[in-house]
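# next comes the sequence, and after it the predicted model I'd like to discuss.
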Amino acid sequence: MTHEPIHHLLSAKDLPPESIEYLFSRTEAFKRMRGILPADEKALDRETVTNIFWEASTRTRVSFQMAAWRMGARVVNIAPSTSSVTKGETLDDTIATLRALGCRYFVIRHATSGEPARLAMNAGREAHVLNAGDGTNEHPSQALLDAFTIRERKKSFNGLQVAILGDILRSRVARSNLHLLSQLGAKCRVSGPAGLLPERLDVPQGTIVKTADEAIRGADVVMVLRLQKEREGKIVVDEADYRKNFSLTPQRLELAHPDAIVLHPGPINRGIEIDSSVADGPRSMILRQVENGLFMRMAIFELLRGEER
Amino acid sequence: MTHEPIHHLLSAKDLPPESIEYLFSRTEAFKRMRGILPADEKALDRETVTNIFWEASTRTRVSFQMAAWRMGARVVNIAPSTSSVTKGETLDDTIATLRALGCRYFVIRHATSGEPARLAMNAGREAHVLNAGDGTNEHPSQALLDAFTIRERKKSFNGLQVAILGDILRSRVARSNLHLLSQLGAKCRVSGPAGLLPERLDVPQGTIVKTADEAIRGADVVMVLRLQKEREGKIVVDEADYRKNFSLTPQRLELAHPDAIVLHPGPINRGIEIDSSVADGPRSMILRQVENGLFMRMAIFELLRGEER
Amino acid sequence: MTHEPIHHLLSAKDLPPESIEYLFSRTEAFKRMRGILPADEKALDRETVTNIFWEASTRTRVSFQMAAWRMGARVVNIAPSTSSVTKGETLDDTIATLRALGCRYFVIRHATSGEPARLAMNAGREAHVLNAGDGTNEHPSQALLDAFTIRERKKSFNGLQVAILGDILRSRVARSNLHLLSQLGAKCRVSGPAGLLPERLDVPQGTIVKTADEAIRGADVVMVLRLQKEREGKIVVDEADYRKNFSLTPQRLELAHPDAIVLHPGPINRGIEIDSSVADGPRSMILRQVENGLFMRMAIFELLRGEER
């Protein structure tokens, strides 16, 4: 398969269609192989991947780590509290140092929107930056694994109705998904508490609707966002209100298409944005998203590596 | 060798005798091989082991990590401060997530008694939970490596006199050892400061005696417990008093059988529960316990894996 | 090549000349091989290296970790906050425990000068201790990689003029470099703020000069030290003053030999002890030092391993 090489994964916006197709196809292949590749297909053989997680994470960090291992790489984990950043080193200089040590892949989660893109610009030709979530901006690997999971079940994105519920304003998952799903041909209806909605969406196929019920009605996919209590600052959300109006309960899910599936990027707040019976129910794709995420991240590493082979 | 497969290692109580025998025999074999296995005997080949240590640890964590490596596995370390638990995720959901990523072995240390057993119940058929110490409840791998160390020197447990000294009430090491050693046929005499003794022991072959000297007199094995200063809450122990009445000094050790051996689970408080000259002396098995622990944990992984091969 | 085996790397002082020559030659070889060794030349095959970093570090910790991996070893990282040291275990007992688990190489960074040497004395015949920086005492692997980097460019140390600038008094990098460079035949001129200079240097070929300009004039190598803001205690440095009198600016660098090279152990404080245009300029060896450090540390592991092969 030919595909336009891409060097960094910074955003789910404007990904070349053939790159998306490549990722879907390779994710599928890796899943069929249960992630076990013959030695000569391990695209990151002898490479080192550095995980730089400036915010807490289990699933994304471990998923990238395991994907890198499966592609043949070593993984170095850097945490802010024990690194030279405590001595005043800039993250640019940390990356330059790790580059000089031979590391070429940098998986970066950062509280500041745009930081991975900025770092990628300064990191030099040989470094690949993978955005693992930056502030309220983007989380492209999450959107890709979400799209793959939807595609597994729904086959086509054309005209697919996707409801996105919750903290739209601050959610990097929502932003990446809106870009990617729109590009793929799905129609997104988003809804959330007044304070957590943007003025308008900057994707053509997305609309803001007033109530969760309106967003869910007839939807093929219901994507529930995490109420990010750890991000609370100026915005205060009334939790009881949130539960009442936006929690995905079995009753609310009844409004969706009979074959609707439920997605959530995790970690979930049980009983807040989603009912346990829904999260653990037959329509929930939550653990399948995690499983697919491993294979998608393997495919992402392979895609970025591609141009050099 | 045939053996009843067991799925989790949660407790040293009621371990099937053939499982114990299997563990002893395999630990012996691994020790003879100095822990170096041919590729096709690595029972955890392609597996991932997750270390979830919710309390500080060096020896147990590293021992499980090295044992897993020697059995062919990858090891992921999860620490509470950088994990999604800080975002309110339950540990059950963390384990389900890691399961979806392909991890099947979970080594768990937790401050709450019974937490590994509870997690094992919810973790689903494919997950294996290894209790690496839960609250004041159990520490089964420690008891198994202790028993193996005793067996190396004393050959038979039948009628063996074991003195256990110190903080009996809160010691998960004492509890697991009392269960296992009783089952194997040893007789345990325990002693400790008034506030650190239970009302009664729930093992048939164990008795509480008043003084350390009474426990030690004629003992074949003297097991010294750690004064767990980090667990102090309502119970306050007078350290000077403790030293005077319970510290294992050379003089006190004179009361034991001339061939008596000394065990301690570590880390030791030198000069508090044990004299440095005893800890570093010829009867001390302390470092041998650590060494045997590596091979015992390899055997434990193999035992749990057994049923699926 | 024959060489006198050395067992620990504690100091850059009094290293046998043939050991230094061996390290230079092997570093060169590993660099030519881009760090990729055939399986049967991996001197640490089946070995475990423990990184014990009691102070923050990115480059030195990761460099030792990657060097150990390239030599075939497993790497265990121990951090004070999650280790048994929090339970009162001595570091000697931690090392004895890890020794019993089969680990034989201990890379130690510690805030107390002399601690690695003390630990090495107690660690027993089979343990190798590598000092990765102890207090204000020494950082021998840094001096070795610095010397290798100088030799790459300047070929001979004989009569080479080296300027060392900054916090001489508290710099373990300066101390190790002064010892090693003097032994190799270079002449060092050091300069720094009044409060950060020792009374006298204990190396025959080193002299203290009054101003940075005097140190730099005609120098073949300018080594800039980090202003260690994290070490500030009784000594308070006026940063504006420091910049004015000691910062390596392009103007100041003009005073050096036209072919002069610039070294800095990192992490750098841009705009404080060194100007960004110099740090990122054509004479800067900063990233080359990092790159060479990986290969030098591979050579160090091989040297220490040597005697047992």
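Received, thanks.

# only C-alpha atoms for contact and neighbour calcs from this point on.
Will do.

# and the next helix or strand past the lowest-mean-pLDDT helix or strand in chain A?
Within chain A, no helix or strand scores below helix A:239-246, which has a mean of 92 by mean pLDDT, DSSP states H and E. Downstream of helix A:239-246, the next assigned helix or strand under DSSP states H and E is helix A:250-253.

# straight-line length of stretch A:269-279, end to end?
End-to-end distance of stretch A:269-279: 10 Å, with CA to CA, to the nearest Å as the criterion.

# touching chain B at all, it?
Yes - for stretch A:269-279, a contact with chain B is found by CA under 8 Å from any CA of the partner chain, at A:Asn269.

# and that stretch, average pLDDT?
When pLDDT is averaged over stretch A:269-279, the result is 96.

# now do it: everything it contacts.
A:166, A:224-227, A:239, A:242-243, A:246-250, A:262, A:268, A:284, A:286, B:88-89 (CA atoms under 8 Å, 6 or more residues apart in numbering or on different chains).

# and the residues you listed, which of them are buried?
Neighbour counting by 16 or more other CA atoms under 10 Å in any protein chain shown classes A:166, A:224-227, A:242-243, A:246-249, A:262, A:268, A:284, A:286, B:89 among the contacts of stretch A:269-279 as buried.

# now, which of these sits nearest chain C?
Nearest to chain C among the buried ones among the contacts of stretch A:269-279, counting by CA to the nearest CA, is B:Glu89 at 21.2 Å.

# that closest one and A:Ile268 touch, don't they?
Yes - with contact defined as CA atoms under 8 Å, B:Glu89 counts as touching A:Ile268 (6.5 Å).

# joint contacts of those two?
Joint contacts of B:Glu89 and A:Ile268 (CA under 8 Å, 6+ apart) do not exist.

# any idea which residue of the stretch 201-309 of chain A lies closest to chain B?
A:Glu291 (4.8 Å).

# state the number of residues packed around that residue.
21 (other CA atoms under 10 Å in any protein chain shown).

# rewinding a little: which one of the buried ones among the contacts of stretch A:269-279 is nearest to A:Gly159?
Minimum separation from A:Gly159 among the buried ones among the contacts of stretch A:269-279 (CA to CA) is found for A:Val262, which lies at 17.5 Å.

# so the closest one bridges to which residues?
A:Val222, A:Ser284 (DSSP bridges).

# where does it land on pLDDT?
98.

# okay but it is in contact with A:Met223, surely?
Yes - between A:Val262 and A:Met223 there is a contact under CA under 8 Å: 5.8 Å.

# run through the stretch 201-309 of chain A and note the low-pLDDT ranges.
Under the criterion pLDDT under 70, the flagged ranges of the stretch 201-309 of chain A are A:230-235, A:307-309.

# repeat that with 90
A:202-205, A:227-239, A:306-309 (pLDDT under 90).

# so which residues of it form helices?
Here the stretch 201-309 of chain A has its helices, by DSSP state H, counting those that start in this stretch, at A:212-216, A:239-246, A:250-253, A:276-279, A:286-306.

# now the stretch 1-150 of chain A
Under DSSP H, counting those that start in this stretch, the stretch 1-150 of chain A gives helices at A:17-32, A:59-70, A:91-100, A:115-122, A:140-154.

# looking at the stretch 101-250 of chain A, which residue is nearest chain C?
Counting by CA to the nearest CA, the stretch 101-250 of chain A gets nearest chain C through A:Leu101, at 5.2 Å.

# from chain B, how far out is that residue?
As judged by CA to the nearest CA, to the nearest Å, A:Leu101 and chain B stand 23 Å apart.

# kindly report the same for A:Ser113.
A:Ser113 is 20 Å from chain B, by CA to the nearest CA.

# just checking, that residue touches A:Thr136?
Yes - using CA under 8 Å, A:Ser113 makes contact with A:Thr136 at a distance of 6.0 Å.
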